[in-house]
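Q: I'd like to go over a predicted model; first the sequence, then the structure.
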Protein chains: 2
Amino acid sequence: MSDTIEIPERSGTAFRLARGETLTVIDPRGRQVADLLAFNAEDIDEVISSGRTLDYAETIFLTTGHQLYSNRSHPMLEIVADTVGRHDFLLTPCSYDTFHHFYPDLPPHRGCFGNLAAALEPYGVTPDRIPVAFNCFMNVPVDAATGKLSVLPPISQAGDHIVFRAAMDLVIGLTACSAPASNGGSFKPIHYRIDAADQGKI
Amino acid sequence: MSDTIEIPERSGTAFRLARGETLTVIDPRGRQVADLLAFNAEDIDEVISSGRTLDYAETIFLTTGHQLYSNRSHPMLEIVADTVGRHDFLLTPCSYDTFHHFYPDLPPHRGCFGNLAAALEPYGVTPDRIPVAFNCFMNVPVDAATGKLSVLPPISQAGDHIVFRAAMDLVIGLTACSAPASNGGSFKPIHYRIDAADQGKI
């Protein structure tokens, strides 16, 4: 089993994930969101697509057994384990502008958008190429009658995790989310681990 | 009042829409979807963003008074009139692959994705740059408990319409949707009209 790596609170990182490897995203303290992006490592114009994924899955609540698709309709990641079962794939990572919109009285922050842009820059990803992220542990119910979205505290508890298996060689962007409402009012780290194709599950 | 232009069934088009002009999208026969995309005419890397829009609107059901935002958090279009009140902003335009996925027994079709890619090519938009579209008249309820998405026939009736005012100079992509389930099982044309900033409403 590989080492667990910490993403400090309100920050982000990027790394390669080879086809067949698994990525385990862990909420070490509970109620903390992690925004995840995926790009084809051989061609970053192929990118994770919320619209394509929701179209194929026919649900907004993705969990074990669901695949996350690219804009070219190729599977990028399969969810192979999930102890939470509630994640968001509707909302874009918060940027400086969205942070200021929702929290005008708080010190400004570049948000997951800024953290992802900085972390992905060495891989050739420009800010305009950042799409809707798969927001691990983010709890966004929809009111069926009115369509209203609510951003509630995650239901994840300390140690909860979600495991993805890569269906192609990928560049992954991953954060510890920076927005108060998404994380139950406090900012915590996120842990992750990469395991080779033949290694055991958590 | 400008002339009304017809988009034949299962096809698409693209055109410029200047800041301040209004675009009226009309369902002439009822129960027909039209996928809409918007790009900044001066810089096509700025593009309509479902995630940013849903984040700001805090609802999946967008209607009169809502703004459609770009990936740079700028308003692109404001909905200034809407006789239907039910449109989709979750799903990506159907492609050859999605069409085959959902309708394996029907003759293949390039779908709105292919139609938009062809229509937008002269403006420099490549297929990889096609994001989640604003799907006028598309009826996609969400089950609040399970998250399940359903693609139901539109509730629009003959003559129903939605009117957008451009907040910047835009390139617009617009289709008459090609997928059976989205359109109540038949394929109909879509009409649209562009009016100058100082012209009357429908």
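A: Everything's here; your move.

Q: hey, let's count contacts and neighbours off CA atoms from now on
A: Fine.

Q: what about residue A:184, neighbour count?
A: Residues lying near residue A:184 (other CA atoms under 10 Å in any protein chain shown) number 17.

Q: can you list the residues of chain A near chain B?
A: A:45-46, A:50-52, A:54-56, A:58-61, A:71-73, A:90-92, A:97-98, A:128, A:131-132, A:141-144, A:146-150 (CA under 8 Å from any CA of the partner chain).

Q: again, only using 6 Å
A: Contact residues, chain A versus chain B (CA under 6 Å from any CA of the partner chain): A:51-52, A:55, A:58-61, A:90-92, A:132, A:142-144, A:147-149.

Q: Show me where chain A has its strands.
A: Using DSSP state E, the strands assigned to chain A run over residues A:5-7, A:12-17, A:22-27, A:34-40, A:43-47, A:67-69, A:75-82, A:134-136, A:160-166, A:170-175, A:190-195.

Q: Kindly present those strands as CSV, with separate columns for mean neighbour count and mean pLDDT.
A: As requested, these are exported to CSV (neighbours: other CA atoms under 10 Å in any protein chain shown; pLDDT from 0 to 100):
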stretch, mean neighbour count, mean pLDDT
strand A:5-7, 16, 98
strand A:12-17, 21, 98
strand A:22-27, 25, 98
strand A:34-40, 26, 98
strand A:43-47, 18, 98
strand A:67-69, 25, 98
strand A:75-82, 20, 98
strand A:134-136, 26, 98
strand A:160-166, 23, 98
strand A:170-175, 25, 98
strand A:190-195, 21, 98
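
Q: Without its sequence neighbours, what residue ends up closest to the residue nearest the centre of chain A?
A: Geometric centre of chain A, nearest residue: residue A:36, 2.4 Å, by CA atoms, centre = their mean. By the measure of CA to CA, 6 or more residues apart in numbering or on different chains, the closest residue to residue A:36 outside its immediate chain neighbours is residue A:174, 4.6 Å from it.

Q: so who does that neighbour touch?
A: A:12-13, A:35-36 (CA atoms under 6 Å, 6 or more residues apart in numbering or on different chains).

Q: Would you mind measuring from it to residue B:6?
A: Using CA to CA, to the nearest Å, residue A:174 is found at 45 Å from residue B:6.

Q: now, which of the contacts of residue A:174 sits nearest residue A:164?
A: Nearest to residue A:164 among the contacts of residue A:174: residue A:36, at 10.8 Å, using CA to CA.

Q: The closest one bridge partners, please.
A: Per DSSP bridges, the residues bridged to residue A:36 are residue A:134, residue A:174.

Q: Flag the shaky bits of chain A, pLDDT-wise.
A: A:1, A:198-202 (pLDDT under 70).

Q: Measure how far stretch A:74-94 is from the centre of its chain, please.
A: Between the centre of stretch A:74-94 and the centre of its chain there are 6 Å (CA atoms, centre = their mean, to the nearest Å).

Q: Quick check: end-to-end length of it?
A: From start residue to end residue, stretch A:74-94 stretches across 26 Å - CA to CA.

Q: got a list of contacts for that stretch?
A: With CA under 6 Å, 6+ apart as the test, stretch A:74-94 has contacts from A:63-69, A:111-113, A:132-139, A:156, A:160-168, B:51-52, B:55.

Q: how about 7 Å then?
A: A:35, A:50, A:60-70, A:111-113, A:131-140, A:156, A:160-168, B:51-52, B:54-55 (CA atoms under 7 Å, 6 or more residues apart in numbering or on different chains).
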